[in-house]
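Visitor: Build me a model:
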Amino acid sequence: MNDKFVDIRIDCLTDCLVERKTRKEVATTVKRIIPKEGEFLDWAFDWTIPEKDGETVYALFVDASNDVQGLVSLKPSFGGMFIGVVESAPHNRGLQGRYEGVGAHLFAIACEKALENDMDYVFFNAKSDLIRYYSETLGAKQIGKSQRMLIEGEEFLRLVEKYFKKG
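Guide: Numbering: from 1, shown residues only. Predicted coordinates:
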């Protein structure tokens with residue numbers, strides 16, 4: 001669990017996902033999946049690893065589509081929800097990606113799953129050059145001088161409210 005580092009860019013906080021070309025907001029669905037060998041080959045991370053590590057993988061879909069927009073792996077730990085890996089689909093990366101808001105939406109899924117399990121924070125290990133970035137974009141707090149970051153309190157609830165319309 002400790003050797004995973006979150007490395008995703010947050011393009012913007014949206015109310016859901018926004019299709020870049022049309023600027024239309026699209027509804028989404030979150031589903032638990034069990035990645036199999038040979039799936040997600042064009043992704044940066046081997047998504048079969050989280051399940052082997054006891055983490056649950058959630059996929060973000062646009063409603064009425066089978067195309068995965070992003071993946072996040074989660075595991076209850078230390079009274080909160082540990083975020084192991086977060087990855088936007090290859091077609092959503094960069095400024096030319098199909099949808100905006102995927103990265104923040106994946107963190108919101110982690111917060112929502114924590115809330116469903118009576119937890120009020122999520123935490124993750126950030127790549128060292130992204131610590132300040134996650135602090136500024138998500139309101140995450142660095143724990144001591146470590147690479148571990150925490151989202152709790154107002155920032156935690158803001159993500160749940162923004163993407164799931166509740167708090």
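
Visitor: Near the nearest residue to Phe124 once chain neighbours are set aside, how many other residues are there?
Guide: Of all residues not flanking Phe124 in the chain, Ile83 sits nearest, at 3.9 Å (Cβ to Cβ, 6 or more residues apart in numbering). Where C-beta positions appear, they are placed from N, C-alpha and C, glycine not excepted. By other Cβ atoms under 10 Å, 27 other residues sit near Ile83.

Visitor: next structured bit after whichever strand or helix holds Ile83?
Guide: Assigned by DSSP states H and E, Ile83 belongs to strand 80-88. Sequence-wise, the next helix or strand downstream of strand 80-88 (DSSP H and E) is strand 99-100.

Visitor: number of nearby residues for Ser77?
Guide: If you count neighbours by other Cβ under 10 Å, Ser77 ends up with 14.

Visitor: repeat for the one 4 residues further on
Guide: Met81 has 27 neighbouring residues, counting by other Cβ under 10 Å.

Visitor: so Gly70 sits right up against Pro90, yeah?
Guide: No. Gly70 lies out of contact with Pro90 (Cβ atoms under 8 Å); the separation is 10.5 Å.

Visitor: The two: which is more packed in?
Guide: Ranked by neighbour count (other Cβ under 10 Å), Gly70 and Pro90 place Gly70 first, with 25 against 12.

Visitor: how close does the more buried one sit to Ser77?
Guide: 22 Å (Cβ to Cβ, to the nearest Å).

Visitor: in this structure, which spans are helices?
Guide: 49-52, 102-116, 131-138, 153-164 (DSSP state H).
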